[in-house]
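# quick one, structure for this:
(chains A and B)
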Amino acid sequence: MDPDRLPVAGSAIPLRAGTTLLGDADPALIADATILVRRRPGSAPGQVPSMTREQAREALSADPGDMAAVERFAKDQGLTVLESNAAERKVRVSGPAGVMGRAFGTRLARYDGPRGPFVSYEGELSVPAALGGVVDQVLGLDRSPIAHR
Amino acid sequence: MGNLSASSKKVALLGSERKPLEGATRGANVADDEIIRATVVLHRRTVSKLPAMETFAFSHTRSVPYRSRSEFGTLHGAEPRDIEMVLEMAHEHGLTVAQVNAAARTVVLTGPAAAMQQAFGSTLSWYDSPKGRFRGRTGPILLPEALQPRVMAVLGLDNRPVAKPHVRLTARSEPAGSFTPPELAQLYNFPSGVDGSGQTIGIIELGGGYRTSDLKAYFKGLGLPVPSVTAVSVDGGQNSPGTDPGNDGEVMLDIEVSAGVAPGAHIVVYFASNTDQGFHDAISQAVHDTVNNPSVISISWGGVEDQWTPQARDAMEAAVQDAAAVGVTVTAAAGDDGATETLSGGYYVEVPACLPEVLGCGGTNAVRSAAGGLVETVWNELAKNEGATGGGVSRIIPLPAYQASANVPLQPQTNFQGRGVPDVAGDADPETGYWVRVDGKNTVIGGTSAVAPLWAGLIARINQRLGKPVGFVNPVLYQIGSNAFNDITQGNNGPGNTGYSARAGWDPCTGLGTPNGAALVNALLGVTAATA
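As a prediction, this is how the structure comes out:
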């Protein structure tokens, strides 16, 4: 990995039985992702029981500076920011598959699985080192249907 | 009446001969202690002759002499003396009488296989066939000589598939053995005087949709006010009825069960796509929804624990920790495929039911007792390819402190000291399922999908009663223990005798058990007073 990048911990796809790689994702496909920003430094859910509901929401939320840094990163990469919500620690972004893949240090690919075709990626996701501590997770590049009713 | 002791002469029930199913291979005998449910169907009493069916044909020109249900039952139901003979026979053989319906001419009996086989002169074995595994018998049913002429059929000992079921759906024209949500609320002793007013229940959906016309017809049919239901879009998701009937069934079940037991609650349905992004974002949006403010979130979707990226599992965990931190209860279905939730075998549990802050909901088979209550065992219809309750021990999530005294076993394949699933249970077997309305039709649906909204509705009523939300409720439930639950002690959730087994106290099939709602409220009031 590029030394200027850091992995998004836990983003490697687990072994999925019955899944085959078909090829690269269509570069024109519009991909959608949720970037989850860390909780504001200095807070932890364990402290929360002694707080009011409003104080708890504040403690669980993201620092506005961290939110702004992630939004800047997304725009610099050519992604569109669809939503930005500090209470949910959520920056939702979209962009063509090629752009999205490059932003997170991967390539989006097409797979076939027991429940039909889907888009996902190989290996781990990464972000620029400057964002390494700020980004907790990046969800949505893997589109496999995770749940059943 | 005659003497129906175990030694009285037995004769064959005419027409009950069972031939081996083509293509089936016989396996082991059914275990002596396997719990079996059989229905004895009696002939109509002979005091009144049923008129020819043409009498009841629809007509524009004459008045059709319909009978009321009670009239019909009196005239053409079972002879009371015949029912007594069945009850006496059951008693002689140590079988439990689960239900008597004189108008329908049925007596439902439950009991261990050894007693059932002796009562009816059958040998039951497991068979494997192209249609799946089933429990079968060959030869006729034997009955005491005095009872035999009065019995039309004994059903349920042999459960070979006779029709292809919809997944988890059992379509019936008459819902014998099924329940409406208000009936279950009454049977589970939900607290009286509260209906969820002032509470909002959030429901997470990853597909499907609801139709307001169906909701109106359903709730009016139950004599309940039509609930206020709001659809919320998450990441572009939409209420989409009609694209997938199975998913529509899920959405309608969730709304009809939660509002059916908590008719005063506001229902908010969060629609997202079925990806880890959609699943996480829906929960997070519901937790942080300061407009609708749900006090309880119901989740009937789940994914096997080893299929998630660690980052997605961590994100889900953070979302439900947020819920706990702001006083929101999260209920989740434990799964419908028994102890084994993957194609590769081995025992797994599901996310989010296995997350420590989530109230995991398992399932039972529930039959009305003669005394007006419920007789419950672990939901297990794997032999009929109709599912079984999820449950077990996580391979990934460690045992939480609140389960320290619950005797959770180590995960069998890994010896990991993992989180036990579920925490609680409710009726889930499609054979004893929920009477609901989906896409213009009434039907019966089961699954632990129904138990998450059942518990969500109970939590809404409890919140109203307490005057504040219970929020993260798991630790106090384990503290309260069996006093507030119906402990389920019979059954297992694997094929045959495999999987996990129910037992006294917490177990990896039904958790602490099904609710005694009023007892739970009293216990929570006691706890509240103690900490005030």
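# quick one: contacts for the residue of chain B found nearest chain A?
With CB to the nearest CB as the measure, the residue in chain B that lies nearest chain A is B:Pro310; the distance is 3.1 Å. C-beta: built from backbone N, CA, C; applies to glycine. With contacts defined as CB atoms under 8 Å, 6 or more residues apart in numbering or on different chains, B:Pro310 is in contact with A:9-12.
# now the element after the lowest-mean-pLDDT helix or strand in chain B, going C-ward?
Lowest by mean pLDDT, DSSP states H and E among the helices and strands of chain B is strand B:169-170, with a mean of 43. Towards the C-terminus, the helix or strand next in line after strand B:169-170, according to DSSP states H and E, is helix B:181-187.
# elements contacting the helix or strand that that following helix is followed by?
Next along the chain after helix B:181-187, taking DSSP H and E as the criterion, comes strand B:200-205. Identification of packing neighbours for strand B:200-205 by 3 or more CB pairs under 8 Å, 6 or more residues apart in numbering or on different chains; DSSP states H and E yields helix B:245-261, strand B:266-271, helix B:276-287, strand B:296-299, helix B:451-466.
# buried residues in the fourth one, which are they?
In terms of neighbour count (16 or more other CB atoms under 10 Å in any protein chain shown), strand B:296-299 has its buried residues at B:296-299.
# again with the longest one
When burial is assessed from 16+ other CB under 10 Å, helix B:245-261 yields the following buried residues: B:247-261.
# near chain A, list only the ones from those.
B:247, B:250 (CB under 8 Å from any CB of the partner chain).
# what is the nearest of the buried residues of helix B:245-261 to A:Tyr121?
Proximity of those to A:Tyr121, judged by CB to CB, is greatest for B:Asn247, which lies at 26.6 Å.
# check what pLDDT that closest one gets.
Model confidence at B:Asn247, expressed as pLDDT, equals 96.
# quick one, what contacts the spatially closest residue to it that is not a sequence neighbour?
Spatially, and ignoring its direct neighbours in sequence, B:Asn247 is nearest to B:Gly208 (2.8 Å; CB to CB, 6 or more residues apart in numbering or on different chains). For B:Gly208, the set of contacting residues under the criterion of CB under 8 Å, 6+ apart consists of B:240-241, B:243-244, B:246-251.
# can you redo those as TSV with distance to B:Glu88?
Output for the contacts of B:Gly208, formatted as TSV (distance: CB to CB, whole Å):
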residue	distance to B:Glu88
B:Ser240	56
B:Pro241	51
B:Thr243	54
B:Asp244	51
B:Gly246	45
B:Asn247	49
B:Asp248	47
B:Gly249	42
B:Glu250	45
B:Val251	47
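# what's the closest non-adjacent residue to the residue of chain A found nearest chain B?
In chain A, no residue comes nearer to chain B than A:Gly10, which is 3.1 Å away by CB to the nearest CB. Taking CB to CB, 6+ apart as the measure, A:Gly10 lies nearest to B:Pro310, with 3.1 Å between them; neighbours along the chain are not counted.
# equivalent analysis for B:Ile480, please.
B:Ala523 (4.4 Å).
# residues near the one you found, how many?
18 (other CB atoms under 10 Å in any protein chain shown).
# all strands for chain A, in order.
Assignment of strands within chain A using DSSP state E yields the ranges A:5-7, A:20-24, A:30-37, A:80-85, A:90-96, A:108-113, A:116-121, A:126-128, A:135-139.
# identify all contacting residues around the fifth one.
Read it as strand A:90-96. So strand A:90-96 is contacted by A:27-37, A:67, A:70-71, A:74, A:77-84, A:100, A:103, B:235, B:281, B:284 (CB under 8 Å, 6+ apart).
# could you give the angle of that strand to strand A:108-113?
Orientation note: strand A:90-96 sits at an angle of 90 degrees relative to strand A:108-113 (axes from the mean of the first three to the mean of the last three CA atoms, to 10 degrees).
# with only the CA atoms kept, save strand A:90-96 in PDB.
Once non-C-alpha atoms are left out, strand A:90-96 reads as follows in PDB (Å, rounded to 0.1, in the frame of the first residue of the first chain):
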ATOM      1  CA  LYS A  90     -22.200  10.200   8.600                       C
ATOM      2  CA  VAL A  91     -20.800  11.600   5.400                       C
ATOM      3  CA  ARG A  92     -22.600  10.000   2.500                       C
ATOM      4  CA  VAL A  93     -21.000  10.300  -0.900                       C
ATOM      5  CA  SER A  94     -21.500   9.200  -4.500                       C
ATOM      6  CA  GLY A  95     -19.600   9.100  -7.700                       C
ATOM      7  CA  PRO A  96     -18.600   6.900 -10.700                       C
END
